[in-house]
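Novice: Following is a predicted model, sequence given first.
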Amino acid sequence: MRCNKTKGYNNQQIQVKMTKKIKFTKMHGAGNDYIYVDTTNYPIAAPEKKAIEWSKFHTGIGSDGLILIGNSDKADFSMRIFNADGSEAMMCGNGSRCVGKYVYEYGLTDKTEITLDTLSGIKILKLHVEGKTVTAVTVDMGSPLETGEVHFEDKYPFRSTRVSMGNPHLVTFVDDITQINLPEIGPELENHHLFPDRTNVEFAQIVCKDTIRMRVWERGSGITQACGTGACATAVAAFINELTGRKSDIIMDGGTVTIEWDEASGHILMTGPATKVFDGEIEEIEG
């Protein structure tokens, strides 16, 4: 039997959609990986949808989300962050370090101190450069905006600390972090009724006076290898609860960052790596 190739189309005109290629760079900060696009060259329509499509590991590029680098009338550059579920984040510490590496190594600036416009305010990036390579970045994350204790009245026997680093975090210290079922409890706490806008969730274990082991469930992304603002929030909570001093190494699944709560300025300084994985192109359907 021959196949009638036109059957079912009812002589309707078939539209051919145009595509354009978007250049991107995959980068990670301590394992927290994002897709980076310079929107001055490649404007992105509907970034919420692109973040969902491109972040999928089997059918997209695979990442924790999408970060757009752009111009700003207030700072050297701007950064917009879209999580893997399409929601827009206010700030990403690991992402900001990677933006610093991107704009320097791709020749968008020759400055080693950069201002970055984010939804949680302007951040200052200090690049640690060897030759033409950015090996690490220190980000002035500003001051913690809000802190306080959280006591749950339901099944969670936790005493937790709420910290805002421009985005919300819930930090809980435990004796053994390996006993926490993060895939189960992470989404429950993220969406707990005490947090109408949801929250990032960190569980942490004190290793010694200046070292903390931390795991994170990120709002909108789930379990990630690292979270820069989460590391800052954890260091703040540890100091507030008299568990550490003002400077700590935060060990996460994907790597380690150093957090210092500067006494003079009251600002949180985060220093950590930024790593390029690869460059690529992806097609965007227009219309």
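Specialist: The structure has been received and is ready for your questions.
Novice: Show me where the protein dips below the pLDDT cut-off.
Specialist: 1-17, 286-287 (pLDDT under 70).
Novice: That one - how does it break down into domains?
Specialist: Annotated domains of the chain cover 17-140+272-283, 144-264 [the TED database].
Novice: can you list those in TSV and add mean neighbour count?
Specialist: Just so you know, the C-beta spots here come from the backbone N, C-alpha and C atoms, and that holds for glycine as well. Listed next are these as TSV, based on neighbours: other Cβ atoms under 10 Å:
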stretch	mean neighbour count
domain 17-140+272-283	19
domain 144-264	19
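Novice: how near is the residue nearest to the spatial centre of the chain to residue 26?
Specialist: Residue closest to the average C-alpha location in the chain (Cα atoms, centre = their mean): residue 92, at 3.9 Å. Distance, residue 92 to residue 26, by Cβ to Cβ, to the nearest Å: 15 Å.
Novice: Could you tell me the end-to-end distance of stretch 23-36?
Specialist: 9 Å (Cα to Cα, to the nearest Å).
Novice: just the helices in this protein please.
Specialist: In the chain, the segments counted as helices under DSSP state H are 47-55, 93-105, 182-190, 228-240.
Novice: In CSV, could you pull the C-alpha coordinates for the last one?
Specialist: Same thing as helix 228-240. Provided in CSV are the C-alpha atoms of helix 228-240 (Å, rounded to 0.1, in the frame of the first residue of the first chain):
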residue,chain,number,x,y,z
GLY,A,228,26.9,30.8,46.5
THR,A,229,24.2,32.7,48.3
GLY,A,230,23.5,29.5,50.3
ALA,A,231,27.1,29.3,51.3
CYS,A,232,26.9,32.9,52.5
ALA,A,233,23.7,32.3,54.4
THR,A,234,25.3,29.2,56.0
ALA,A,235,28.3,31.2,57.2
VAL,A,236,26.1,33.9,58.6
ALA,A,237,23.9,31.5,60.4
ALA,A,238,27.0,29.7,61.8
PHE,A,239,28.4,32.9,63.2
ILE,A,240,25.1,34.1,64.6
